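>>> okay, structure incoming, though there's no sequence with it:
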DNA sequence: CCGTATCCATTCCGATACTG
DNA sequence: CAGTATCGGAATGGATACGG
């Protein structure tokens, strides 16, 4: 009995988790955002088994999150680079990172966090805003059926 | 051979994914944010197998994301409510939802999205900001070893 | 260096039956 | 209604061997 797919769910959270809600995928995206492109780089960075990595990279390419291109260094192999769709996942990683930094680390503990590359200061904590820019509190947010907002 | 734990990782993304990086956990949190509290409510909403749900609820309680309290309706059972730590995951869900809404749905397709409960308008898209409030672009962000920022 | 293929243990997950 | 227990198939994930 296979896992129940949420591909057809009308909930944008569920449909997203169906694609990236596994254990490795977002870590690969994280590394890709950090500039890694090569199979071996990912493998070394993550300590992931090769067959797992092969599988995940393939899925990410199928989903249009990564693109494959021939290596620029003259070797015969592939490089994996994020598409715009993939780069957009950075916001998810920022949210995860801020939550983890706040709740999973002791105050004295070293922790890798996201900083802006100009001043090397941590990013400001994400805030929820209504359409008009007003800052809203978490309890003012509700999940509702609607159409996708025009961007 | 067991799964390699990322519990001790110094990366806040990795350590977070070690806890909530599975297929069901964030969906349970989503439902909890929507006000569900009872075992049966989660089970019905998610279509999850009971043994899976039991296991996930237990882990969430152990992690301090959910708290158990006796039912307020006089029945003999438990209610599962989010702690502050759990409610803070809302930001992660917002990020996931916005990404999915943008990249995984056709423009005409119905999609559950997050709205503010006053005007029932979709939330504004999350933006990255530097410590000083300046809006920054994704490529200005870098993962760096540091201590946790004081909140 | 880049993968593919295979083996094997563990885990996931759904279905079902059962208890209170 | 709220779980617990168990079964079995599928997927996960690590180790290793192999070929380009």
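All right, it came through fine. These numbers come from a predicted model, not from an experiment.

>>> any idea whether the nearest residue to residue A:37 once chain neighbours are set aside is helix, strand or coil?
Distance criterion Cβ to Cβ, 6 or more residues apart in numbering or on different chains; nearest residue to residue A:37, sequence neighbours excluded, is residue A:79 at 4.1 Å. The way it works is simple: take the backbone N, C-alpha and C, and place the C-beta from them, glycine included. At residue A:79 the chain is in strand, as set by DSSP: H, G, I helix; E, B strand; the rest coil.

>>> partners of residue A:79 in the sheet?
For residue A:79, the beta-bridge partners are residue A:69 (DSSP bridges).

>>> residue A:140: neighbour count?
By other Cβ atoms under 10 Å in any protein chain shown, the residues close to residue A:140 number 16.

>>> just to revisit the earlier point, what's the pLDDT at the residue nearest to residue A:37?
Note on residue A:79: pLDDT of 96.

>>> dump the residue contacts of it.
A:37, A:38, A:68, A:69, A:70, A:71, A:72 (Cβ atoms under 8 Å, 6 or more residues apart in numbering or on different chains).

>>> now the second one: how far from residue B:14?
Computed with Cβ to Cβ, to the nearest Å, the distance linking residue A:38 and residue B:14 is 20 Å.

>>> helix or strand: which one has the closest residue to DNA strand C within chain A?
As assessed by Cβ to the nearest atom of the strand, DNA strand C sits closest to residue A:40 within chain A, at 2.5 Å. Secondary structure from DSSP states H and E places residue A:40 in helix A:39-46.

>>> quick check, that helix touching DNA strand D?
No - Helix A:39-46 does not reach DNA strand D (Cβ under 7 Å from any atom of the strand); its nearest approach is 8.2 Å.

>>> next: stretch A:72-79.
No - Stretch A:72-79 stays clear of DNA strand D (Cβ under 7 Å from any atom of the strand), getting no nearer than 7.7 Å.

>>> still on that earlier bit, turn the contacts of residue A:79 into a markdown table, columns for pLDDT and neighbour count.
A markdown table is the format used below for the contacts of residue A:79 (pLDDT from 0 to 100; neighbours: other Cβ atoms under 10 Å in any protein chain shown):
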| residue | pLDDT | neighbour count |
| --- | --- | --- |
| A:37 | 97 | 17 |
| A:38 | 97 | 15 |
| A:68 | 96 | 13 |
| A:69 | 93 | 11 |
| A:70 | 89 | 11 |
| A:71 | 88 | 12 |
| A:72 | 81 | 8 |
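
>>> and which of these is nearest residue B:100?
Nearest to residue B:100 among these is residue A:68, at 23.6 Å by Cβ to Cβ.

>>> the closest one and residue A:62 touch, don't they?
No - between residue A:68 and residue A:62 there is no contact, the gap being 10.8 Å when judged by Cβ atoms under 8 Å.

>>> name the helices or strands packed onto the helix holding residue A:40?
Contact here means 3 or more Cβ pairs under 8 Å, 6 or more residues apart in numbering or on different chains; DSSP states H and E; on that basis helix A:39-46 packs against helix A:25-33, helix A:50-62, strand A:78-82.

>>> tell me the most buried of those?
helix A:25-33 (a mean of 22; mean count of other Cβ atoms under 10 Å in any protein chain shown).

>>> now check it, is it near chain B?
Yes - under the criterion of Cβ under 8 Å from any Cβ of the partner chain, chain B is reached by helix A:25-33 at A:26, A:27, A:30, A:33.

>>> mind putting those in a markdown table, distance to residue B:113 and pLDDT included?
Listed next are those as a markdown table, based on distance: Cβ to Cβ, whole Å; pLDDT from 0 to 100:
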| residue | distance to residue B:113 | pLDDT |
| --- | --- | --- |
| A:26 | 21 | 97 |
| A:27 | 27 | 96 |
| A:30 | 25 | 96 |
| A:33 | 25 | 96 |
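
>>> just put those in TSV and tack on distance to residue A:86.
Output for the residues of helix A:25-33 next to chain B, formatted as TSV (distance: Cβ to Cβ, whole Å):
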residue	distance to residue A:86
A:26	11
A:27	13
A:30	11
A:33	8
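
>>> can you list the residues of chain A near DNA strand C?
A:1, A:3-4, A:38-41, A:49-51, A:54, A:71, A:75, A:77-78.

>>> same thing but 6 Å
Within chain A, the residues that sit near DNA strand C (Cβ under 6 Å from any atom of the strand) are A:1, A:3, A:4, A:38, A:39, A:40, A:50, A:51, A:54, A:77, A:78.

>>> between these, which is nearest chain B?
residue A:4 (6.2 Å; Cβ to the nearest Cβ).
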